[in-house]
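*Asks:* Here is a sequence with its predicted model. Questions after.
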Amino acid sequence: MPHNHHHKHQVEGKNLLLSIIFNVIITVAQVIGGILSGSLALISDALHNFSDVLSLVFSFVAHKLSKRKASLNQTFGFKRAEILAAFVNAATLIIVAFILIYGAIERLFHPHKIESILVIWLALLGIIVNGFSVLLLKKDAHHNMNMKSAYLHLLTDMMASVAVLIGGLLMLFYKIYWIDSIMTFLIAIYLIIVGFDLLKKATKILMLFTPDDIDIKSIVREVHKIKGVNKLHHIHVWYLNEEELHLEAHLDCSEDIKMSDFNELLHEIEELLLEKFDINHINIQPEFKKEDPKDYIVQD
């Protein structure tokens with residue numbers, strides 16, 4: 001069975017742990033500052049940061065679990081733990097966003113004076129701390145959905161702090177206190193957008209959907225070009241995690257061949273699927289004139 005490990009990026013958890021520590025510090029600071037200043041945007045940003053702390057901890061635990069070896073009771077190990085973490089983190093982004101929208105609308109109709117100086121300084125602290133955390137996870141985010149979910153949480157934190165800073169400056173110089181609610185609302189809309197996209201991707205993997213870049217008909221056409229193949233059918237293609245792309249299928253052979261001959265045929269199919277479709281885990285059931293459905297996709 002071929003395994004595609006070319007240029008594999010090793011994701012480390014230490015940067016995630018540092019980000020957790022930084023976010024705990026800034027969350028405490030923003031809660032205190034939000035209460036003292038009366039800024040809803042600052043409290044909203046703190047709430048978002050707190051959800052990030054929980055999400056980052058979840059991501060960290062999932063990352064550690066994913067490294068565990070398989071066992072008799074867990075034959076795949078915990079390889080899907082990070083996908084599950086990405087799903088939960090994306091869902092929390094969306095939930096937090098709706099909480100922020102509710103608070104922003106309520107405050108918009110009942111604005112009050114806000115201590116803008118404190119808001120500005122804490123927003124600057126948020127930009128610096130979250131910006132550093134974003135840089136720590138940026139590389140890993142390109143290679144791992146779990147890390148991307150953590151990265152997006154931190155990136156939106158940084159953007160939220162920028163929005164709070166702008167709002168604080170406008171309140172300081174122009175006394176426009178309703179801008180606090182507007183900034184909160186804009187932060188929430190962005191959270192919904194990025195959260196939904198990640199949630200959709202994680203859901204597709206958890207539901208074992210065929211990856212968007214895989215065309216099953218193209219796979220069939222290529223495999224059918226190999227001598228000895230009659231019909232590839234009953235096909236399933238799915239991601240176990242972000243590194244393992246699996247194919248399971250029945251192969252109706254054109255002749256009643258020996259197992260040793262089938263091994264050679266299987267090896268040729270494995271090389272083709274790895275080279276052209278990046279499928280690195282293949283399980284094929286050999287058949288010869290077996291009476292069963294021969295459709296590409298068969299309902300089990």
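*Replies:* Here it is on my side, so go on.

*Asks:* Quick one: the helices in the stretch 1-150 of the chain, in order.
*Replies:* In the stretch 1-150 of the chain, the helices defined using DSSP state H, counting those that start in this stretch lie at 14-37, 40-66, 81-109, 116-141, 145-174.

*Asks:* Show me this structure divided up by domain.
*Replies:* By the record's domain assignment, the chain is partitioned as 14-206, 216-287 (automatic domain parsing).

*Asks:* Most tightly packed of the ones you listed?
*Replies:* domain 14-206 (a mean of 20; mean count of other CB atoms under 10 Å). For the C-beta atoms, the positions are set from N, CA and C on the backbone; glycine is no exception.

*Asks:* about what we covered before: for the helices of the stretch 1-150 of the chain, which has the smallest mean pLDDT value?
*Replies:* The weakest mean pLDDT among the helices of the stretch 1-150 of the chain belongs to helix 40-66, with a mean of 79.

*Asks:* could you say what helices and strands that one packs with?
*Replies:* Contact partners of helix 40-66 among helices and strands, from 3 or more CB pairs under 8 Å, 6 or more residues apart in numbering; DSSP states H and E: helix 14-37, helix 81-109, helix 116-141, helix 145-174, helix 179-206.

*Asks:* the inter-axis angle of the shortest one versus helix 40-66?
*Replies:* Right, the one you point to is helix 14-37. Angle, helix 14-37 to helix 40-66, by axes from the mean of the first three to the mean of the last three CA atoms, to 10 degrees: 160 degrees.

*Asks:* hmm, who's touching helix 14-37?
*Replies:* 39-40, 42-43, 45-46, 49-50, 52-53, 56-57, 59-60, 63, 114-116, 118-119, 121-122, 125-126, 129-130, 132-133, 136-137, 140, 147, 150, 154, 157 (CB atoms under 8 Å, 6 or more residues apart in numbering).

*Asks:* ok, back up a step: mind putting the helices and strands packed on helix 40-66 in CSV, distance to E222 included?
*Replies:* Formatted as CSV, the helices and strands packed on helix 40-66 follow (distance: least, CB to CB, whole Å):
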stretch, distance to E222
helix 14-37, 40
helix 81-109, 28
helix 116-141, 33
helix 145-174, 28
helix 179-206, 23
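
*Asks:* Which of those sits closest to Y296?
*Replies:* Closest approach to Y296 among the helices and strands packed on helix 40-66 (CB to CB): helix 179-206, 19.3 Å.

*Asks:* tell me what that closest one is packed against?
*Replies:* Packing partners of helix 179-206 (3+ CB pairs under 8 Å, 6+ apart): helix 40-66, helix 81-109, helix 145-174.

*Asks:* got the angle between that helix and helix 116-141?
*Replies:* 20 degrees.

*Asks:* Tell me who's in contact with the closest residue to E268 other than its chain neighbours.
*Replies:* Leaving out its chain neighbours, the residue that sits closest to E268 by CB to CB, 6 or more residues apart in numbering is I226, at 5.6 Å. Residues near I226 by CB under 8 Å, 6+ apart: L265, E268, I269, L272.

*Asks:* Just name the closest of those residues to S218, please.
*Replies:* S218 has its nearest neighbour among those in L272, at 11.4 Å by CB to CB.

*Asks:* re the thing from before, need the helices and strands packed on helix 179-206 in CSV (columns: distance to M183).
*Replies:* Formatted as CSV, these follow (distance: least, CB to CB, whole Å):
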stretch, distance to M183
helix 40-66, 5
helix 81-109, 8
helix 145-174, 4
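
*Asks:* between those, which gets nearest to N241?
*Replies:* Comparison of the helices and strands packed on helix 179-206 against N241 by CB to CB identifies helix 81-109 as nearest, at 6.0 Å.

*Asks:* roughly how far is the closest one from the heart of the chain?
*Replies:* Distance, stretch centre to chain centre, for helix 81-109: 15 Å (CA atoms, centre = their mean, to the nearest Å).

*Asks:* what's the answer for stretch 147-159, then?
*Replies:* Here stretch 147-159 is found 11 Å from its chain centre; the criterion is CA atoms, centre = their mean.
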